[in-house]
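> fold the following, please.
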Amino acid sequence: EIDMDEAIREVHALGSTGFAGKQARKHKEAQYKALTGRDMKRQKVPLPIVRGIKKKRAEREARAEAEQKDAGGVTSTNSKKNRDRKKAKAYSQERRKSDSMRMAYGPSPDVGFMKGGVLRVKRDGRK
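The predicted structure is shown next:
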């Protein structure tokens, strides 16, 4: 009596020894998720490397934008100035959402005060 599921797992495990690079990492992550039910933590990239990557990206984008301008083409609305403005706007909207969510749960601070884990409501604050 052969358990087919077990046999399939064994064949897959045997075949996975030949994996290399990205495929091996994906297989390892899948095994970890099967065992623990959680995704593996991603490897952290050192901050100087991240800074270098971002600097290079900015240089590439600036060069592409300059080439586009020199060629006489219409530049996109995604220029650095507009991107920064959009980021600031998105951040402020996100901030407003989180602030309003914070206020949506629990009593508002002007209703009363906490003492010994009990909310003491002011008499004149009740409706």
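> which residue ranges of the protein form helices?
For the chain, the helices defined by DSSP state H occupy 4-15, 22-36, 47-70, 80-104.
> gap between Lys44 and Phe113?
Computed as Cβ to Cβ, to the nearest Å, the Lys44 to Phe113 distance reads 43 Å. (Each C-beta comes from the backbone N, C-alpha and C, glycine too.)
> those two: which is more packed in?
Neighbours per residue, other Cβ atoms under 10 Å: of Lys44 and Phe113, the larger number sits with Phe113, 11 against 7.
> now do the same contact list for the more buried one.
When contacts are counted by Cβ atoms under 8 Å, 6 or more residues apart in numbering, Phe113 touches 119-120.
> mind checking pLDDT for it?
With respect to pLDDT, Phe113 has a value of 74.
> one more: Thr77?
Thr77 is given a pLDDT of 57.
> determine the number of other residues adjacent to Glu61.
14.
> what of Ala24?
Ala24 - counted by other Cβ under 10 Å - has 13 other residues nearby.
> so, low pLDDT: which residues of this protein?
In the predicted model, the chain carries pLDDT under 70 at residues 1, 73-80, 93, 95-111, 124-127.
> middle-most residue in it, spatially?
By Cα atoms, centre = their mean, the chain has its centre lying nearest to Arg42, at 11.8 Å.
> how far away is that one from Asp5?
30 Å.
> backbone dihedrals for the residue nearest to the centre of the chain, please?
Per-residue torsions, Arg42: phi -80, psi 150 (degrees, to the nearest 10).
> so how far is Gly21 from it?
17 Å.
> with Ala88 instead?
Taking Cβ to Cβ, one finds Ala88 at 40 Å from Gly21.
> cool, and Val118?
59 Å.
> cool, Ala66 as well?
36 Å.
> with Tyr91 instead?
Relative to Gly21, Tyr91 is positioned 37 Å away (Cβ to Cβ).
> so the two - more neighbours on which side?
When neighbours are counted by other Cβ under 10 Å, Tyr91 and Gly21 differ, and Tyr91 comes out ahead with 10 against 7.
> quick one: contacts for that one?
By Cβ under 8 Å, 6+ apart, Tyr91 has no neighbours at all.
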